[in-house]
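*Asks:* what's the 3D shape of this:
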Amino acid sequence: MTQERPRTTLGEPEEAALWRRLKDSGSAEARERLFSAYLPYARQIAVRHYRQRSGGEIEFQDLRQLACTGLLEAIDRFDPDRGVPFRGYAARRISGSILNGIAKLSEVREQISFRNRIRAERMRSLSAGAAEPASAAEAMQALADLAVGLALGFMLDGSGLVVGEDEVDRRPTAYESLAWKDLLRRVHAELEALPHRERLIIRGHYLEGMDFQQLSALLGVSKGRISQLHRGALDTIRVQLGKTNDFILQR
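*Replies:* Numbers count the residues shown, from 1 in each chain. The predicted structure is shown next:
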């Protein structure tokens, strides 16, 4: 049985209007909406390529990011006046981006570098703009804030539950599992409550594996601005969670 292709949430007249706005005025909002509408399709192409590579040398998050790159390129280069369906045009661009990226990621060292670049951007974003601590107490507070920001990021990208070396064989209790799931649920609820642009940045970076350069191209703002919005969005989530006096996210 052939798997049904994911359909966009856009009707034909609405999509045609978005393409026209993008081509006539370079509308950032039109680009965002087209990208969001076709993101499930790009993700499905990444899944197909991942399943075709049985060796496991490439992680899915790498292919997902490459698919996002291909989708962005397809949106920016597509000419709706030629009468060619965007889905087919985008499929070639997305697959090409993935295949080219796989060639560059064939070395384990390159894979590590590819993923670490995103984590390094995250670290720089969370630590940027902090004033030089005037005391040991302020230094400890700055370090705590950085740790909380990273912890939130780990939760969002699915790597938040880390077990120490002396507890490798320990299984969480039923209560711990429920508490962790409840915390994740509330983190994602606070994510959905963010303003549109901040929500898109957090979802794109943590859930789709997009780096700050891709988000900069998508939103039409500088990488520095993406970094500021990323840091502010995580801080908003932390503050909202802290109001419930739960977990380590309290200040």
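
*Asks:* Return the helix or strand in this protein with minimum mean pLDDT.
*Replies:* Every helix and strand of the chain was ranked by mean pLDDT, DSSP states H and E. The lowest is helix 136-156, at a mean of 59.

*Asks:* Please point out which parts of the helix or strand following that one sit buried.
*Replies:* Using DSSP states H and E, the helix or strand that follows helix 136-156 in sequence is helix 174-192. By neighbour count on 16 or more other C-beta atoms under 10 Å, the buried set for helix 174-192 is 183, 186, 187, 190, 191. From N, CA and C alone the C-beta is placed, and that goes for glycine too.

*Asks:* Could you report the neighbour count for residue 224?
*Replies:* Applying other C-beta atoms under 10 Å, we find 13 residues neighbouring residue 224.

*Asks:* Now do it against residue 121, distance only.
*Replies:* Computed as C-beta to C-beta, to the nearest Å, the residue 224 to residue 121 distance reads 11 Å.

*Asks:* if we can go back for a sec, out of the buried residues of helix 174-192, which two are the most distant from each other?
*Replies:* Using C-beta to C-beta, the pair of the buried residues of helix 174-192 lying farthest apart is 183 and 191, separated by 12.7 Å.

*Asks:* Now distance to residue 95 and pLDDT too, for the buried residues of helix 174-192, in CSV please.
*Replies:* Shown next, in CSV, are the buried residues of helix 174-192 (distance: C-beta to C-beta, whole Å; pLDDT from 0 to 100):
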residue, distance to residue 95, pLDDT
183, 38, 76
186, 38, 83
187, 33, 81
190, 36, 86
191, 30, 86
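
*Asks:* Tell me the one of those nearest residue 84?
*Replies:* Once C-beta to C-beta is applied, the member of the buried residues of helix 174-192 that ends up nearest residue 84 is residue 191, at 35.9 Å.

*Asks:* what residues are up against the closest one?
*Replies:* 156, 199, 202, 203, 237 (C-beta atoms under 8 Å, 6 or more residues apart in numbering).

*Asks:* Weed out the non-buried ones from the residues you listed.
*Replies:* 156, 202, 203, 237.

*Asks:* So which of the residues you listed sit within helices?
*Replies:* Among those, DSSP state H puts 156, 202, 237 in helices.

*Asks:* ok, and the closest non-adjacent residue to the first one?
*Replies:* Put plainly, it is residue 156. Among residues not flanking residue 156 along the chain, residue 206 sits closest, at 3.8 Å (C-beta to C-beta, 6 or more residues apart in numbering).

*Asks:* Mind pulling up the pLDDT for that neighbour?
*Replies:* Per-residue confidence at residue 206 stands at 81 (pLDDT).

*Asks:* Any idea how many residues pack against residue 219?
*Replies:* Residue 219, neighbours per other C-beta under 10 Å, totals 20.

*Asks:* Report how many residues lie close to the residue nearest to residue 156.
*Replies:* Neighbours of residue 206 (other C-beta under 10 Å): 22.

*Asks:* how close does it get to residue 27?
*Replies:* Using C-beta to C-beta, we find residue 206 at a distance of 26 Å from residue 27.

*Asks:* Many thanks, I have nothing further to ask.
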